[in-house]
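Trainee: For reference, the sequence and a predicted model appear below.
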Amino acid sequence: MSGEQITNNSVETQTMEGELHSLKNSSSKKKQRVDINVLLNNVRLAQKKEKMESTIFFGLVAAVILVTGVIVSI
């Protein structure tokens, strides 16, 4: 094992312990409310992004097929 791996593991452990400690502190404070509208908006944005990505992918595939057809026909 090299020294870099040991250092990386110890840093990751410290980070995990810090996150765990911060989670315990936040849960011990007053409970926060969750707004369903915020969650729904996040889901809608994610769906919109996925739709845009699929549309772009389909467009690129269609363009490649079109260009290949034009080149073959010449």
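Mentor: That came in fine, so what should we check first?

Trainee: going forward, measure contacts between C-alpha atoms and count neighbours the same way
Mentor: Fine.

Trainee: Reduced to three states, what does residue 34 come out as?
Mentor: Classification of residue 34 by DSSP: H, G, I helix; E, B strand; the rest coil places it in coil.

Trainee: Can you tell me how far it is from residue 46?
Mentor: Separation of residue 34 from residue 46 (Cα to Cα, to the nearest Å) stands at 19 Å.

Trainee: ditto for residue 38
Mentor: 12 Å.

Trainee: What helix or strand is residue 47 located in?
Mentor: In the assignment (DSSP states H and E), residue 47 maps to helix 36-73.

Trainee: Might you list the low-confidence residue ranges for this structure?
Mentor: Across the chain, the ranges flagged by pLDDT under 70 are 1-29.

Trainee: Show me it divided up by domain.
Mentor: Taking automatic domain parsing as the reference, the chain has its domains at 1-32, 34-74.

Trainee: which helices and strands does the helix holding residue 47 pack with?
Mentor: Judged by 3 or more Cα pairs under 8 Å, 6 or more residues apart in numbering; DSSP states H and E, helix 36-73 has no packing partners among the helices and strands.

Trainee: Only the C-alpha atoms, please, for stretch 32-52, written as PDB.
Mentor: Output in PDB follows, covering the C-alpha atoms of stretch 32-52 (Å, rounded to 0.1, in the frame of the first residue of the first chain):
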ATOM      1  CA  GLN A  32     -37.500  21.600   9.600                       C
ATOM      2  CA  ARG A  33     -40.600  21.500   7.400                       C
ATOM      3  CA  VAL A  34     -40.600  20.100   3.900                       C
ATOM      4  CA  ASP A  35     -42.600  21.900   1.300                       C
ATOM      5  CA  ILE A  36     -44.200  19.500  -1.100                       C
ATOM      6  CA  ASN A  37     -44.300  22.200  -3.800                       C
ATOM      7  CA  VAL A  38     -40.500  22.500  -3.700                       C
ATOM      8  CA  LEU A  39     -40.100  18.800  -4.100                       C
ATOM      9  CA  LEU A  40     -42.600  18.700  -7.000                       C
ATOM     10  CA  ASN A  41     -40.700  21.500  -8.700                       C
ATOM     11  CA  ASN A  42     -37.500  19.600  -8.400                       C
ATOM     12  CA  VAL A  43     -39.000  16.500  -9.900                       C
ATOM     13  CA  ARG A  44     -40.500  18.600 -12.700                       C
ATOM     14  CA  LEU A  45     -37.200  20.200 -13.500                       C
ATOM     15  CA  ALA A  46     -35.500  16.800 -13.500                       C
ATOM     16  CA  GLN A  47     -38.100  15.400 -15.900                       C
ATOM     17  CA  LYS A  48     -37.700  18.500 -18.200                       C
ATOM     18  CA  LYS A  49     -34.000  18.000 -18.300                       C
ATOM     19  CA  GLU A  50     -34.300  14.300 -19.200                       C
ATOM     20  CA  LYS A  51     -36.800  15.200 -21.900                       C
ATOM     21  CA  MET A  52     -34.400  17.800 -23.400                       C
END
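
Trainee: Good, we can wrap up now.
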